[in-house]
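Trainee: For reference, the sequence and a predicted model appear below.
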Amino acid sequence: MGKLFYIMGKSASGKDSIYQKLLEDQHFPLKRLVIYTTRPIRDGEKDGQEYFFVDEEEFQRLKANGKIIEDRGYETVYGLWRYFTAANMQLDKYDYLGIGTLESYQKLRKYYGEEVLCPIYIEVEDGERLKRAIAREETQETPKYEEMCRRFLADSQDFSECNIENAGIKQRFQNTDFATCMSNIENYLKNML
């Protein structure tokens with residue numbers, strides 16, 4: 001049975017950069033777990049790479065057909081945005097790398113089993129995260145600062161110490177220095193594979 005390495009952390013903690021770097025690393029032949037979302041595509045994103053971008057109708061169709069393992073809905077200032085994982089991995093053949101929330105991690109762990117799910121929890125000090133989030137929004141053609149602020153505040157609840165503990169997260173990776181953080185994660189992967 002393969003493993004699913006699952007990157008989690010608050011917004012603007014560097015999850016996407018770590019995810020991309022690990023996928024490019026030839027030492028770790030990890031397949032990309034691509035989840036689905038109903039949110040609009042951002043500048044620079046490609047359908048099927050960061051997410052499968054679908055509409056509410058497609059979400060409901062997949063759900064009716066029993067193809068959804070876990071889903072989350074967020075009331076944003078732009079309406080309901082859903083994120084969800086469909087049962088489309090071949091864990092009997094491959095190791096995967098995914099990215100998501102504590103809630104999705106727990107549901108995937110329940111579905112696939114604790115021996116399959118390997119958490120990679122990323123932490124960054126809140127002030128630094130806020131600076132990174134603002135800088136990222138400034139690069140967008142139409143910055144969505146209200147949504148950025150909503151996500152930043154929601155992360156305090158979603159990633160509370162109680163929730164981290166309940167998810168069984170024991171090891172954390174500090175992303176204050178990207179190279180050091182990557183080195184620590186790579187050592188973790190070597191021990192797990």
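Mentor: Okay, I see it. Worth saying up front: this structure is predicted, and the values here are computed from it rather than measured.
Trainee: Contact partners for residue 173?
Mentor: 120-123, 181, 184-185, 188 (C-beta atoms under 8 Å, 6 or more residues apart in numbering). C-beta: built from backbone N, CA, C; applies to glycine.
Trainee: one more time with 7 Å
Mentor: By C-beta atoms under 7 Å, 6 or more residues apart in numbering, residue 173 lies in contact with 120-123, 181, 184-185.
Trainee: could those go into TSV alongside distance to residue 137?
Mentor: Formatted as TSV, those follow (distance: C-beta to C-beta, whole Å):
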residue	distance to residue 137
120	25
121	24
122	19
123	21
181	23
184	28
185	26
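Trainee: if we look at the helix or strand that contains residue 190, which residues are touching it?
Mentor: Take DSSP states H and E as the rule and residue 190 turns out to sit in helix 178-192. For helix 178-192, the surrounding residues in contact (C-beta under 7 Å, 6+ apart) are 3, 5, 14, 17-18, 21, 28, 118, 120, 171, 173-175.
Trainee: least confident pick among those residues?
Mentor: Among the contacts of helix 178-192, residue 28 has the lowest pLDDT, at 90.
Trainee: how about that residue, secondary structure?
Mentor: coil (DSSP: H, G, I helix; E, B strand; the rest coil).
Trainee: Find the nearest non-adjacent residue to it, please.
Mentor: Once flanking residues are discounted, residue 28 sits nearest to residue 189: 5.6 Å by C-beta to C-beta, 6 or more residues apart in numbering.
Trainee: The one you found: neighbour count?
Mentor: Other residues within reach of residue 189, judged by other C-beta atoms under 10 Å, total 20.
Trainee: measure it to residue 69 for me?
Mentor: Counting by C-beta to C-beta, to the nearest Å, the gap from residue 189 to residue 69 is 23 Å.
Trainee: send the alpha carbons of stretch 94-113 over as PDB?
Mentor: What follows is stretch 94-113, C-alpha atoms only, in PDB (Å, rounded to 0.1, in the frame of the first residue of the first chain):
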ATOM      1  CA  TYR A  94       1.800   4.900  -6.000                       C
ATOM      2  CA  ASP A  95       2.700   7.300  -3.100                       C
ATOM      3  CA  TYR A  96       0.900  10.600  -3.300                       C
ATOM      4  CA  LEU A  97       1.400  14.200  -2.100                       C
ATOM      5  CA  GLY A  98      -1.600  16.300  -1.100                       C
ATOM      6  CA  ILE A  99      -2.300  19.600   0.400                       C
ATOM      7  CA  GLY A 100      -5.300  20.600   2.600                       C
ATOM      8  CA  THR A 101      -6.800  21.300   6.000                       C
ATOM      9  CA  LEU A 102      -6.800  19.500   9.300                       C
ATOM     10  CA  GLU A 103     -10.400  18.600   8.700                       C
ATOM     11  CA  SER A 104      -9.700  17.000   5.300                       C
ATOM     12  CA  TYR A 105      -6.700  15.200   6.700                       C
ATOM     13  CA  GLN A 106      -8.800  13.600   9.500                       C
ATOM     14  CA  LYS A 107     -11.500  12.500   7.000                       C
ATOM     15  CA  LEU A 108      -8.900  11.100   4.600                       C
ATOM     16  CA  ARG A 109      -7.200   9.300   7.500                       C
ATOM     17  CA  LYS A 110     -10.500   7.800   8.500                       C
ATOM     18  CA  TYR A 111     -11.200   6.700   4.900                       C
ATOM     19  CA  TYR A 112      -7.700   5.300   4.000                       C
ATOM     20  CA  GLY A 113      -6.300   4.500   7.500                       C
END
